[in-house]
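Peer 1: Sequence and predicted structure below; questions after.
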Amino acid sequence: MGLKSSPFPALNEAFAMTNQREPLTIVTRPSDEIDRILDWIAPDHPLAFVRNGEGIVGVGELLRLEFRGADRFAAAAAAWSELTRTAIVHDSVNRAGTGLIAFGSFAFAGSSSAVSVLIIPRVIVGNREGSHWVTTISAGEANTMPDTTDALATLPRHPHGAAVHVSFAPGDMSTTAFTTAVTAALQEIALSRAEKLVIARDQVAQLPAGADLRVPIAALATRYPDTFTFAVDGLIGSSPETLVNVHNGTVSARVLAGSAARGDNHSSDEQAAATLTGSLKDQQEHALALASVMDALRPLSRELHAASSPFALQLPNLWHLATDIEGQLAERSSALDLIGILHPTAAVAGTPTPAALQIIDLLEGFDRGRYAGPVGWVDADGNGEWAVALRCAQVDGTRITAYAGAGIVTGSDAERELAETELKFRPIIEAFA
Ligand SMILES: C=C(O[C@H]1C=CC=C(C(=O)O)[C@@H]1O)C(=O)O
């Protein structure tokens, strides 16, 4: 059956835009022609979700579904389940990231002017646990098995362009406005209107015409290999935080909150990590973020486990307090259902969530766009890998906006939080330096 009369507005719009109403046919086959998947990123509209060289890179855009407003997650989950219902998948590799995939990026707030997207590429190049594969996605070939043996040969491969140099300047929120907002957040906390508030700021830059975004993306992936380097619809970054990973009934997440600068030699670095793990203020900040994720996952999972105290996660620019969570999904929830339930965690909003969102809106006074929203991918079975979009920038034409924030609890200090945001901007600023 075709998809001619979809009750889902996002699907109808996508069909109208692409003139595509036929069921999708997907072929995934192993490939020994792929070495580094990052080499396959397209220069225009890069699509990627990669960690430690493993993950997926999408080329071309077959379908683009757009969502706005408070019900953007529910609308995306419904449209995706409708679209995948009729898809015909031939997958001889069967790994996380094979078969029909949509890359996605969602706005932080329902009121954001930024559109949330699911993008279905024409070709996906992937790598996981030593297996490399190519997936092709096409429409209107339901009765035949498309011959995709030459799929890679048809992809254009251009050498990377020159390094992209830009200078960032304060955006809607200056550094003074940030410290003022942090002081105001501390007052709100002292008045018990919230227990934790995450305050962010932005920096902007102009991108030179013809800049090759593959260069900063490759720099991020090389310098921050243990994080998720992503590129979806102009949102690029390297996030250390896993919002949720769904794989055949297993759910996992990595919660981060609480940060410290790296030391400049071995002993000061060890001392920095020890001070962070011993800091009551950071432990409280972390515990609230962890509780928000556990509380959201508990009703949906069995055997949900998290360590009783966080570990110090080392990144090139920072130490973070981190807790890994794993459980079994009690019911069939897709990754899209779960990001809708989990977002926004207290690592990016605060506690309690509704009050935190209201106060952030007042104190920040700017649109976070897709910063701190979910970014990742989902497959036809609802499996997927989603990061919290941190350490990132949105590229819109020639304008780049980078974002960073910090969790504020009793005991936070405005100048120290400002310094922490400087460290969190480093991945993006250095990728464009
Ligand atoms: C809000 C950000 O980081 C969050 C994740 C890890 C540590 C955080 C912190 O220590 O404040 C934040 O909660 C950001 O990078 O913009």
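Peer 2: Perfect, thanks for sending it. The structure displayed is predicted, hence computed values, not measured ones.
Peer 1: okay, CA-based contacts and neighbour counts for the rest of this
Peer 2: Fine.
Peer 1: Give me the below-cutoff pLDDT ranges for this structure.
Peer 2: Within the chain, the stretches with pLDDT under 70 are 1-21, 141-143.
Peer 1: Let me see the domain layout of it.
Peer 2: The chain breaks down by automatic domain parsing into domains covering 9-139, 169-431.
Peer 1: Turn these into a markdown table, including distance to residue 161.
Peer 2: Below are these laid out as a markdown table (distance: least, C-alpha to C-alpha, whole Å):
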| stretch | distance to residue 161 |
| --- | --- |
| domain 9-139 | 9 |
| domain 169-431 | 5 |
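Peer 1: Turn those into CSV, columns for mean neighbour count.
Peer 2: Shown next, in CSV, are the domains of the chain (neighbours: other C-alpha atoms under 10 Å):
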stretch, mean neighbour count
domain 9-139, 21
domain 169-431, 20
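Peer 1: and of those domains, who's closest to the ligand?
Peer 2: Closest to the ligand of those, according to C-alpha to the nearest ligand atom: domain 169-431, at 3.4 Å.
Peer 1: Using PDB, write out the CA atom coordinates for stretch 328-341.
Peer 2: Only the C-alpha atoms of stretch 328-341 are listed here, as PDB (Å, rounded to 0.1, in the frame of the first residue of the first chain):
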ATOM      1  CA  GLN A 328      15.600  -3.200  29.700                       C
ATOM      2  CA  LEU A 329      12.600  -1.600  28.100                       C
ATOM      3  CA  ALA A 330       9.500  -3.100  29.600                       C
ATOM      4  CA  GLU A 331       7.400  -2.100  26.500                       C
ATOM      5  CA  ARG A 332       8.200  -1.300  22.900                       C
ATOM      6  CA  SER A 333       9.200   2.400  23.200                       C
ATOM      7  CA  SER A 334      11.100   3.800  20.200                       C
ATOM      8  CA  ALA A 335      14.100   6.100  20.500                       C
ATOM      9  CA  LEU A 336      11.800   8.900  19.400                       C
ATOM     10  CA  ASP A 337       9.300   8.100  22.200                       C
ATOM     11  CA  LEU A 338      12.100   8.100  24.700                       C
ATOM     12  CA  ILE A 339      13.700  11.400  23.600                       C
ATOM     13  CA  GLY A 340      10.300  13.000  23.900                       C
ATOM     14  CA  ILE A 341      10.000  11.700  27.500                       C
END
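Peer 1: I would like the residues contacting that stretch, please.
Peer 2: 73-74, 76-77, 243-246, 249-251, 296, 300-304, 374, 378, 381-386 (C-alpha atoms under 8 Å, 6 or more residues apart in numbering).
Peer 1: what about 7 Å?
Peer 2: With contact meaning C-alpha atoms under 7 Å, 6 or more residues apart in numbering, stretch 328-341 is reached by 73-74, 77, 244, 246, 249-251, 296, 300-304, 374, 378, 382-384.
Peer 1: how far does it sit from the chain's center?
Peer 2: 17 Å (C-alpha atoms, centre = their mean, to the nearest Å).
Peer 1: just stretch 214-228 next, same as before
Peer 2: That offset, for stretch 214-228, works out to 14 Å (C-alpha atoms, centre = their mean).
Peer 1: Identify the residues contacting that stretch?
Peer 2: 41, 43, 49-52, 160, 163, 229, 238-240, 316, 427, 431-432.
Peer 1: so which strand or helix has residue 421?
Peer 2: helix 414-431 (DSSP states H and E).
Peer 1: give me the element residue 291 is part of.
Peer 2: Using DSSP H and E, residue 291 falls in helix 280-297.
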